[in-house]
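*Asks:* A predicted structure for the sequence below; I have some questions about it.
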Amino acid sequence: MTPADPLAMATRVRALAREFGFQRCGIAGIELGEDEDHLRDWLAQGLYGTMAWMAQHGDKRSRPQELIPGTLRVISVGLDYGRNDGDEAWDTLRDGARAYVARYALGRDYHKLMRNRLQKLAERLQQEVGPFGHRVFVDSAPVLERALARNAGLGWIGKHTCLIDKDGGSWFFLGEIYVDLPLPVDPPASAHCGSCVRCIEVCPTQAIVAPHRLDARRCISYLTIEHDGPIPEELRPAIGNRIFGCDDCQLVCPWNKFARRTDEPDFRARNDLDTASLAQLFAWDEDEFLRRTEGSPIRRSGHERWLRNIAVALGNAPTTPETLAALASRRDHASPLVREHVQWALERHALSDT
């Protein structure tokens, strides 16, 4: 096999992807014109909230050859995660005293794991075909990863803006290798949402304002992870007990009955995050938070936002002595952000008693 045999290289890429633990692999070209127009319109409407980085880098996000000069193809991979626990997830969401953490964040951060595997894949390919230009990305640069994955045949972009594979649902992570090899591309995935609008209807904050159009400013994942200020009061009741991310649009998707899960040890729930109560997690001081979230995607929120999010959830929780005691314990917290959300929660419970 040599760079002069692109078909053999593409076959080898897919075999290596499986060898390194990826359940999906495809190859895409670098033309993203329609997706670029969609992104520009989304940005022009201000639907990205405070995520200023989405508007940076000009068109490099939709033009791989400008981000990494010489790029000809993108190898896109998918890594399954989570358990077949949809019923358990809904049970947690219905139990207002328990904390709901997005399924992807229950275990270790996937970024490092995927990046290491992708780098090893690229290095192995180099050993077999000789040097070639490449860069590995796992949510670490301005990359339209879902559009590229769709073009590589891994799935279609659903009305909730997540990628869906008709044979495997949507519970998988994405990663890419930009290469300067003229590999044959895969046919893009076709869409199969049809007339279904379950994801739009189930969104607690009505953040999916139209098919394929997400208003991040209303999205619970954005509000609990990316947003660093006060959560808008009018949205707080709808957040329920979701303290880090939200999965409702995926939990309700009919295609996820075909989801393939993997028992990747790194993705197993840590610190009982799949069963913990809000009061238990609210009691973590900053040292305990940092210790327990080492290697976890939750670390990025920081302790202050962690408490902010749980205070909102406690404000939505049943009025019990445990809930009230938890809130009272943070009433005089050093952070004005935390104090304001705690006060809001206490007032909610005071009103519920009248």
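*Replies:* Good, I have the coordinates.
*Asks:* ok, longest helix in this structure?
*Replies:* In the chain, with assignment by DSSP state H, the single longest helix is helix 110-129.
*Asks:* residues in contact with that helix?
*Replies:* Contact partners of helix 110-129, identified using Cβ atoms under 8 Å, 6 or more residues apart in numbering, comprise 1-3, 9, 12-13, 16-17, 20-22, 77, 79, 81, 104, 132, 134, 136, 138-140, 173, 175-177, 179, 264, 266-267, 295, 297. Just so you know, the C-beta spots here come from the backbone N, C-alpha and C atoms, and that holds for glycine as well.
*Asks:* can you turn the buried part of the residues you listed into a PyMOL selection?
*Replies:* Typed into PyMOL, the next command selects the buried ones out of the contacts of helix 110-129 (criterion: 16 or more other Cβ atoms under 10 Å):
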select buried, resi 9+12+13+16+17+20+22+77+79+81+104+134+136+138+173+175+176+177+179+264+267+297
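*Asks:* among the contacts of helix 110-129, name the ones in helices.
*Replies:* 9, 12, 13, 16, 17.
*Asks:* can you redo the residues you listed as CSV with distance to residue 240 and pLDDT?
*Replies:* Listed next are the ones in helices among the contacts of helix 110-129 as CSV, based on distance: Cβ to Cβ, whole Å; pLDDT from 0 to 100:
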residue, distance to residue 240, pLDDT
9, 49, 94
12, 47, 95
13, 43, 97
16, 43, 97
17, 38, 98
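*Asks:* list the buried ones in the helix or strand where residue 287 lies?
*Replies:* Residue 287 belongs to helix 286-292 when assigned by DSSP states H and E. Neighbour counts over helix 286-292 (16+ other Cβ under 10 Å) mark residue 289 as buried.
*Asks:* phi, psi for residue 75 please.
*Replies:* Per-residue torsions, residue 75: phi -90, psi 120 (degrees, to the nearest 10).
*Asks:* any idea what it is bridged to?
*Replies:* residue 27, residue 177 (DSSP bridges).
*Asks:* how far out from the middle of the chain is the helix holding residue 287?
*Replies:* From the chain centre to the centre of helix 286-292 is a distance of 23 Å (Cα atoms, centre = their mean, to the nearest Å).
*Asks:* for residue 44, grab the count of nearby residues.
*Replies:* With neighbours defined by other Cβ atoms under 10 Å, the count for residue 44 comes to 9.
*Asks:* how far away is it from residue 291?
*Replies:* In this structure, residue 44 and residue 291 are 43 Å apart, going by Cβ to Cβ, to the nearest Å.
*Asks:* ditto for residue 303
*Replies:* Distance, residue 303 to residue 291, using Cβ to Cβ: 11 Å.
*Asks:* for residue 132, same thing?
*Replies:* The value you get for residue 132 to residue 291, if Cβ to Cβ is used, is 42 Å.
*Asks:* one more: residue 124?
*Replies:* Distance, residue 124 to residue 291, by Cβ to Cβ: 36 Å.
*Asks:* next: residue 12.
*Replies:* Distance from residue 12 to residue 291, by Cβ to Cβ: 43 Å.
*Asks:* give me phi/psi at the spatially closest residue to residue 146 that is not a sequence neighbour?
*Replies:* Closest residue to residue 146 apart from its sequence neighbours, by Cβ to Cβ, 6 or more residues apart in numbering: residue 163 at 4.9 Å. The phi and psi values for residue 163, taken as degrees, to the nearest 10, are phi -80, psi 140.
*Asks:* measure residue 163 to residue 116 for me?
*Replies:* Residue 163 is 22 Å from residue 116, by Cβ to Cβ.
*Asks:* who's more crowded, the two?
*Replies:* Comparing residue 163 with residue 116 by other Cβ under 10 Å, the one with more neighbours is residue 163, at 23 against 13.
*Asks:* list the contacts for the more buried one?
*Replies:* By Cβ under 8 Å, 6+ apart, the contact list for residue 163 reads 78, 146, 149, 150, 154, 155, 156, 157, 170, 172, 174.
*Asks:* tally of neighbours for the closest residue to residue 246 other than its chain neighbours?
*Replies:* Distance criterion Cβ to Cβ, 6+ apart; nearest residue to residue 246, sequence neighbours excluded, is residue 220 at 3.8 Å. When neighbours are defined as other Cβ under 10 Å, residue 220 has 26 of them.
*Asks:* from residue 96, how far out is the residue minimising distance to the centre of the chain?
*Replies:* In the chain, the C-alpha nearest the mean C-alpha coordinate belongs to residue 104, at 6.9 Å (Cα atoms, centre = their mean). Taking Cβ to Cβ as the measure, residue 104 falls 23 Å from residue 96.
*Asks:* cool, and residue 300?
*Replies:* 26 Å.
*Asks:* residue 81 too?
*Replies:* The gap separating residue 81 from residue 96 is 26 Å, by Cβ to Cβ.
*Asks:* residue 347 now?
*Replies:* Distance, residue 347 to residue 96, by Cβ to Cβ: 17 Å.
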